[in-house]
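# Just to be clear, the model below is a prediction. Sequence and coordinates:
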Amino acid sequence: MRTAPVSNWRLLNTGYADGAMNMAVDEAIMRCHAAGQSPATLRFYRWQPACLSIGYAQSMAREIDVEKCRELGFDVVRRPTGGRAIFHERELTYSLVAMDGNPHVSGGIVESYRKISRGMIAGLNRLGVEAVAVDPADAQRMIRSGLRTPACFDSPSHYEVAVGERKILGSAQTRSQGTVLQHGSLLLDSDNGLFFSLLRFASDERRRFFQDDFEQHVTDLRQVLGREVSFEEVATAIHTGFEEAFGVAFVPGTLTPDELELAGQLRREKYATEAWNFKR
């Protein structure tokens, strides 16, 4: 593990991109940071068209109704991180990249989740949300035996963020070349009927059963606050929360030419290919 000095972080708001480009940008930032070419970074982004992403180990063909996604104009992409399917439409997506020796992400995966969750919780508190990090004992208790589906959010992992016992944030992590990439989805609003219609189940009855269970254990900011919240409002609160939790400044910036070039290459050669997206 390499150590890293505590210093300012870069703040990015890269706007809309398709699924392949969003994943390519995350990996490009990670690679450039590992090479010492880019600073530690907190990035916010959105998806156009709406996209269903799957975890690295999932099967696109077995678990996702790809034909229906395409009929409705939705994108599909495999993430470089774990976890399960997420429908990216009414949400704020974040990614955080830092050296694994950076004190704000250092430690094993569970410990780094705990540290990163402090920033998300501080940001949600600024919005008036009483969010908590789910500790390991509670996470184990909240996992319903036999009720795991292709969908992310149906049960919390250690130190993920919940309101009461309902998950509001799904995150996943990968590590490479001494660098941590964590990204995740904070639900602003949700359409669970649409989401579950894009997943494969043995029968409509099982689909309805799992959707009903999912809705008992997941929430979004509109439900919690009783009002609509904008991407911009939430992004401001979350970045301020990270400043408070980490005790560092987040300086607005842009992607570097090297990051943009590498992201374009990764999109073409990896994330937009069937070889990657249908590898399982």
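Cool, got the structure.
# how about the closest residue to residue 238 other than its chain neighbours, secondary structure?
Nearest in space to residue 238, with sequence neighbours left out and distances taken as Cβ to Cβ, 6 or more residues apart in numbering, is residue 123 at 3.5 Å. (Each C-beta comes from the backbone N, C-alpha and C, glycine too.) Following DSSP: H, G, I helix; E, B strand; the rest coil, the label given to residue 123 is helix.
# separation between residue 128 and residue 163?
As for residue 128, its distance to residue 163 is 11 Å (criterion: Cβ to Cβ, to the nearest Å).
# re the thing from before, help me confirm that the residue nearest to residue 238 comes into contact with residue 243.
No - taking Cβ atoms under 8 Å as the definition, residue 123 is not a contact partner of residue 243, at 9.3 Å.
# Compare those two (neighbour count), which wins?
A direct count of neighbours by other Cβ atoms under 10 Å for residue 123 and residue 243 places residue 123 higher, at 27 against 18.
# what sits against the closest residue to residue 243 other than its chain neighbours?
Spatial nearest neighbour of residue 243, chain neighbours left out: residue 250 (5.7 Å); criterion: Cβ to Cβ, 6+ apart. The contact partners of residue 250, by Cβ atoms under 8 Å, 6 or more residues apart in numbering, come to 8, 9, 10, 11, 42, 239, 242, 243.
# In strands, which of the residues you listed appear?
9, 10, 11, 42 (DSSP state E).
# Which residues does the last one form beta bridges with?
Translated: residue 42. Residue 42 has the following beta-bridge partners by DSSP bridges: residue 11, residue 96.
# my read: it touches residue 240, true?
No - using Cβ under 8 Å, residue 42 makes no contact with residue 240, being 11.2 Å away.
# Of the two, which one has the most company?
For residue 42 and residue 240, the more surrounded residue by other Cβ under 10 Å is residue 42, and the numbers stand at 23 against 15.
# Could you list the low-confidence segments of the stretch 51-200 of the chain?
136-158 (pLDDT under 70).
# dump the residue contacts of the closest residue to residue 252 other than its chain neighbours.
Of all residues not flanking residue 252 in the chain, residue 11 sits nearest, at 5.0 Å (Cβ to Cβ, 6+ apart). Neighbouring residues of residue 11 by Cβ under 8 Å, 6+ apart: 41, 42, 43, 239, 250, 251, 252, 253.
# Check the gap between the second one and residue 112 for me.
Read that as residue 42. Counting by Cβ to Cβ - residue 42 and residue 112 are separated by 14 Å.
# again with the third one
With distances taken as Cβ to Cβ, residue 43 is found 17 Å from residue 112.
# what packs against the host helix or strand of residue 24?
In this assignment (DSSP states H and E), residue 24 forms part of helix 19-34. Contacts defined by 3 or more Cβ pairs under 8 Å, 6 or more residues apart in numbering; DSSP states H and E place helix 19-34 against strand 41-47, strand 51-54, strand 75-78, strand 91-99, strand 169-176, strand 179-187, helix 257-266.
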